[in-house]
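# please find the sequence and the predicted model below.
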Amino acid sequence: MGRRASTLSGGGGLPDGEGWLTVRKVWVGATVAVGSALAVVMLLVVGVYVVAGNLVNGVGGGAAKTLAKGSVPAAYQQLVSRWGNLCPAINPALLAAQLYQESGFNPRAQSHAAAQGIAQFIPGTWAAHGIDGDGDGDRDVWDPADAIPSAATYDCTLASYVKDVGGDLTENMLASYNAGAYAVIKYGGVPPYKETQNYVKRIRALEESFAAPVGRVDPSRQAAGAIAFAQKKLGTPYLWGGNGTADQGGRFDCSGLTKAAYESVGITLPRVANDQYNAGPHPDRDELLPGDLVFFSDDLTDSRAIRHVGIYVGGGYMIDAPRTGAVIRFDPIDTPDYFGATRVTEDGAKALPTTV
C-alpha cells in the first residue's frame, strides 16, 4: 500500500531540533548512511526497554470500555455504541470485536454455512432471536440497523442463561455463543473444548483492539526487534505488493514491510494495513512508543479505509515504504492524514480473523 509523497525534501530525513532524537542528516538513495541510522535506532531501541520498565498500567482495569477512534466504520459506530451497553455482559468494544470477527463489518457477508449479514446469523437463529432494531416494521438480517441490535440482544439473552454460573460472565456468554449455554452450565464455566476456549480468547483479545485505552498501554516486548528489521531495509526501493522475497529483489510496500518486521520477531500480521490496525490496543498520539504501527487514511472515521502504515521510531518519525519511485526511509507522522496507532501484541495478532 502506498502514500502521498512526503513534504520532506531529498527523500526523507530527520531534521535537527527533535529533542533526544537528533541526527545531522539521513541520506536515503541507492545506499544509506548506515552509521547515522544505526545510532538513531540504537537510542530508540534502548528507549523501548526503559519505558517498558516504567509502565505498569495496561488497558482495562475494570473501567467501562468505549470504542477507539475510527475502529468501527462511521455508519455503524452509533449502533455499536448504543447497543453495546445493553447489558453488563457486553460493551461496545466487545460487540465490535464480534462483528469484525464474523464479517469484517460487511453487511452483505454470507458464509458457506448460510450465515448472513454483518452479524452472521444462520436462518434458524435469526428466526428465534432477530429483532426489529430500527422499528420500521420488519426484521431484516441484511440490515445492520436490525442485525447489530439483534447481535447485542442475543448476547444478553445468552448471558441471562448462564448468569448463575461461576466465573467471568462475559467469557461464559461468549462460550455459550460458541458451544451452547448447556455446555457452560454443565462444566461450571467455559467448557474444556479447544475451539470454544480459543474463541473466547480471540474475542477478548480483539476487544482490546476496538477499545479506547484506559490509562497507559503496556509496551511491546517485540518492538525493538521489529525496528531493527525495518532500519536494515532503509534505502530499499518500494514495490507495490512487495513482500521482500528474493524474486521481488527484497523490496516491500508499506504493509509488506511492517508484516515482515513483526514476523522477524515471531508475530504474524495480516497482509494489508487496515487489518493490521486491529492487532492490538491503540495508544494516543502523546503515548506512542518506538515499534508502534502508525496508520494513515483519507477517511479519519473508518479504520477500514486505512491506506498506509509505518513503524514509529520516536520523535515524531517513522520508517515506512511510502510509494512507487521512493525508497524505505524516515518520514514524519504528524500529517493531516494521520489516523492513529496500534501497539502490536502477540495475542492481538493471533486473534485477527483470516477472511475479513
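Perfect, thanks for sending it.
# next up, phi/psi of the residue lying closest to A109 once chain neighbours are set aside, please.
Distances taken as C-beta to C-beta, 6 or more residues apart in numbering place S103 nearest to A109, at 3.9 Å, with adjacent residues excluded. In this view, the C-beta of every residue, glycine as well, is placed from N, C-alpha and C. Phi and psi for S103, reported as degrees, to the nearest 10, are phi -140, psi -10.
# what about S103, neighbour count?
24 (other C-beta atoms under 10 Å).
# show me what contacts it?
Listed by C-beta atoms under 8 Å, 6 or more residues apart in numbering, the contact partners of S103 are A109, G117, I118, A119, Q120, V356.
# tell me the pLDDT at it?
Looking at S103, its pLDDT reads 93.
# pLDDT on stretch 313-332, on average?
Computed over stretch 313-332, the mean pLDDT rounds to 96.
# and it, which residues are buried?
Along stretch 313-332, these residues count as buried under the neighbour rule (16 or more other C-beta atoms under 10 Å): 313-323, 326-332.
# swap in stretch 151-169?
Buried residues in stretch 151-169, counted by 16+ other C-beta under 10 Å: A151, A152, T153, Y154, D155, C156, L158, A159, Y161, V162, V165, L169.
# which of the residues you listed fall in helices?
Those of the buried residues of stretch 151-169 mapping onto helices are A151, A152, T153, Y154, D155, C156, L158, A159, Y161, L169, per DSSP state H.
# now distance to S71 too, for those, in JSON lines please.
Shown next, in JSON lines, are these (distance: C-beta to C-beta, whole Å):
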{"residue": "A151", "distance to S71": "17"}
{"residue": "A152", "distance to S71": "17"}
{"residue": "T153", "distance to S71": "22"}
{"residue": "Y154", "distance to S71": "22"}
{"residue": "D155", "distance to S71": "19"}
{"residue": "C156", "distance to S71": "22"}
{"residue": "L158", "distance to S71": "24"}
{"residue": "A159", "distance to S71": "23"}
{"residue": "Y161", "distance to S71": "29"}
{"residue": "L169", "distance to S71": "24"}
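# for S297, state which of these is nearest.
Of all those, A151 has the smallest distance to S297: 26.1 Å, by C-beta to C-beta.
# now do the contacts for that closest one.
If a contact means C-beta under 8 Å, 6+ apart, then A151 has W83, L95, Q98, L99, A119, F121 as its contacts.
# D334: how many residues sit nearby?
Around D334 there are 9 other residues, counting by other C-beta under 10 Å.
# mind checking how far the residue located most distally from the centre of the chain is from D143?
Ranking residues of the chain by C-alpha distance from their mean position (C-alpha atoms, centre = their mean) puts G137 at the top, at 36.3 Å. Using C-beta to C-beta, to the nearest Å, we find G137 at a distance of 12 Å from D143.
# L269 and I328, how far apart?
With C-beta to C-beta as the criterion, L269 and I328 are 17 Å apart.
# again with A211
With C-beta to C-beta as the criterion, A211 and I328 are 32 Å apart.
# same question for G104.
Distance, G104 to I328, by C-beta to C-beta: 29 Å.
# what bits of this structure have low per-residue confidence?
Scanning the chain with the threshold set as pLDDT under 70 gives 1-63, 354-356.
# run the last query once more with 90
Scanning the chain for pLDDT under 90 picks out the ranges 1-65, 68-70, 111-113, 212-222, 352-356.
# part of a strand, is the residue farthest from the centre of the chain?
No - the assignment for G137 (DSSP: H, G, I helix; E, B strand; the rest coil) gives coil, which keeps it out of a strand.
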